[in-house]
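Asker: The following comprises the amino acid sequence and a computationally predicted model.
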Amino acid sequence: MAQAQLLAGLGELAPACLGARPARVRLDLLGGDPGSCSSRSRSSQSRGLRCIALLRHRAAGRVEPYYGPVKSPGYLRYPHIANDFVVFVAADDVWLAPLTGGRAWRFTTDEAQAATPRLTPDGTQVAWVSARDGSPEIYVASLADGFSTRLTYWGTSWARVSGWTPAGEVLAVSAANQPFLHYVRARALTTALSDSPGAERVLPFGPVSDLSLGTTGDGTGGDSAAAGGRGAGTVGLLTGTWGSFNADPANWKRYRGGTAGRLWVGPATAIVSDAPGAAGRIPGRFRRVLADLPAQFASPMIVAGRLAFICDHEGTGNVYSCALDGSAGQH
């Protein structure tokens with residue numbers, strides 16, 4: 001699944017008495033009138049469509065670039081792959097589709113802004129951000145029954161789901177309970193999968209706008225299994241930037257200012273909750289990578305022992321990767 005994982009980045013808690021809320025499942029064909037999709041999605045049309053199209057153009061052992069036409073009229077965003085499914089956002093809802101191709105179906109029918117869905121490595125649960133109740137909050141649901149549970153009651157203007165931990169916690173970022181909107185913190189939210197729902201850990205990384213956990217619990221299909229464990233126990237961080245709900249790097253093409261983003265790589269001991277003494281542990285030394293590259297960065301991904309990311313140093317945004325020390329860059 002390593003080849004699929006590279007595409008995965010292409011970006012107070014609920015009281016138990018409230019129970020679950022159903023996310024009704026309805027079958028629909030993708031497509032239709034492009035105007036029916038939110039105009040917010042159009043800045044990411046090409047990236048999202050290319051990502052889905054790549055799924056059907058895999059060579060043995062690696063993914064080859066696909067430069068052919070993309071015929072779908074839909075605006076597809078935030079694709080993520082695990083097991084046999086790809087999940088994405090289109091027309092203000094979360095959708096699912098089989099990797100083998102065919103018909104996609106709506107997983108939610110909220111008709112509200114949605115972003116960053118992330119599947120568990122086994123493809124049985126999905127977490128995403130939705131504004132169906134007003135502010136962007138984080139929800140989880142089982143693919144088996146479609147019933148969703150709201151995890152957060154932050155009431156902030158922006159949130160992001162970044163993946164899952166091996167213990168079944170949702171990795172997320174938000175400026176909730178912080179004095180300024182640019183004080184974005186990484187958090188681990190417990191769920192029913194972690195056997196202790198209703199808790200939240202603020203991870204000791206300082207201001208972080210995105211992260212990727214390089215283990216089988218990173219929500220990207222399990223790169224450790226695909227790559228012999230390379231990158232396991234490592235976390236990639238994006239700092240120096242923050243966004244708004246449904247923001248896209250394309251909004252600031254070729255931006256080179258102070259909030260263009262910085263990439264870091266370091267140990268994941270503060271994230272993996274079942275590590276001895278992990279709770280409250282200060283993480284070890286982090287290394288900044290590609291510090292001399294004038295570019296805007298987004299969507300860090302630990303994949304097969306490498307750091308993959310979106311970057312626009314050549315003028316337009318594309319997917320790149322480098323070794324965990326910043327060397328051996330590839331387009």
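Answerer: Thanks, I have the structure now.
Asker: buried set for stretch 106-124?
Answerer: 106-110, 113-121, 123 (16 or more other CB atoms under 10 Å). Bear in mind the C-beta positions are built from the backbone N, C-alpha and C, glycine included.
Asker: Looking at these, which is nearest Cys311?
Answerer: Cys311 has its nearest neighbour among the buried residues of stretch 106-124 in Thr116, at 19.0 Å by CB to CB.
Asker: hang on, the closest one in a strand?
Answerer: Yes - Thr116: assigned to a strand according to DSSP: H, G, I helix; E, B strand; the rest coil.
Asker: Okay, buried residues for stretch 156-165 please.
Answerer: Neighbour-count burial for stretch 156-165, with 16+ other CB under 10 Å as criterion, is recorded at Thr156, Trp158, Ala159, Arg160, Val161, Ser162, Gly163, Trp164, Thr165.
Asker: Please narrow these to those residing in strands.
Answerer: Ala159, Arg160, Val161, Ser162, Gly163, Trp164 (DSSP state E).
Asker: could I get these as CSV with pLDDT?
Answerer: Listed next are these as CSV, based on pLDDT from 0 to 100:
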residue, pLDDT
Ala159, 93
Arg160, 95
Val161, 97
Ser162, 96
Gly163, 95
Trp164, 95
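Asker: for those residues, which one is nearest Leu203?
Answerer: Ser162 (10.6 Å).
Asker: so who does that closest one touch?
Answerer: Thr116, Arg118, Leu171, Ala172, Val173, Ala186, Asp210, Leu211, Ser212, Leu213, Gly219 (CB atoms under 8 Å, 6 or more residues apart in numbering).
Asker: Which ones among these lie within strands?
Answerer: Thr116, Arg118, Leu171, Ala172, Val173, Ala186, Asp210, Leu211, Ser212, Leu213.
Asker: Quick check: beta-bridge partners of the last one?
Answerer: Put plainly, it is Leu213. Judged by DSSP bridges, the bridge partners of Leu213 are Val235.
Asker: per-residue pLDDT, it?
Answerer: On pLDDT, Leu213 comes in at 93.
Asker: how near is it to Gly206?
Answerer: For Leu213, the distance to Gly206 equals 17 Å [CB to CB, to the nearest Å].
Asker: Gly243 and Leu307: what is the separation?
Answerer: Applying CB to CB to Gly243 and Leu307 gives a distance of 20 Å.
Asker: And the two? Which one has more around it.
Answerer: Leu307 (26 against 21; other CB atoms under 10 Å).
Asker: does that one belong to a helix or a strand, and which?
Answerer: Secondary structure assignment for Leu307, by DSSP states H and E: strand 306-311.
Asker: before we move on, what about Pro121?
Answerer: Here Pro121 is assigned to no helix or strand, by DSSP H and E.
Asker: Surely it and Trp164 touch.
Answerer: Yes - contact criterion CB atoms under 8 Å: Pro121 and Trp164 qualify, at 7.1 Å.
Asker: Can you classify the nearest residue to Ala104 once chain neighbours are set aside by secondary structure?
Answerer: Closest residue to Ala104 apart from its sequence neighbours, by CB to CB, 6 or more residues apart in numbering: Ala97 at 3.7 Å. The three-state label given to Ala97 by three-state DSSP is strand.
Asker: Low-confidence stretches in the protein?
Answerer: Scanning the chain for pLDDT under 70 picks out 1-67, 69-72, 215-230, 246, 273-283.
Asker: how about 50 then?
Answerer: The chain contains residues with pLDDT under 50 at 1-60, 216-228, 275-277.
Asker: Need the residue closest to the centroid of it.
Answerer: Ser162 (4.1 Å; CA atoms, centre = their mean).
Asker: which stretch of helix or strand covers Phe205?
Answerer: strand 200-207.
Asker: Alpha carbons only: can I get that strand in CSV?
Answerer: C-alpha atoms of strand 200-207 as CSV (Å, rounded to 0.1, in the frame of the first residue of the first chain):
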residue,chain,number,x,y,z
GLU,A,200,-8.2,14.7,24.8
ARG,A,201,-4.4,15.0,24.9
VAL,A,202,-2.6,18.1,23.7
LEU,A,203,0.7,16.9,22.2
PRO,A,204,3.9,18.7,23.3
PHE,A,205,4.9,19.9,19.9
GLY,A,206,4.1,23.6,20.2
PRO,A,207,2.2,25.3,17.3
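Asker: Could I get the buried residue list for it?
Answerer: Glu200, Arg201, Leu203, Phe205, Pro207.
Asker: hang on, the earlier thing: among the contacts of Ser162, which ones are buried?
Answerer: Buried, going by 16+ other CB under 10 Å: Thr116, Arg118, Leu171, Ala172, Val173, Ala186, Asp210, Leu211, Ser212, Leu213, Gly219, out of the contacts of Ser162.
Asker: would Leu193 count as being in a helix?
Answerer: Yes - using three-state DSSP, the secondary structure at Leu193 is a helix.
Asker: Please report how far it lies from Gln330.
Answerer: 34 Å.
Asker: More neighbours: those two, which one.
Answerer: Legend: neighbour count by other CB under 10 Å for Leu193 and Gln330, higher for Leu193 (18 against 10).
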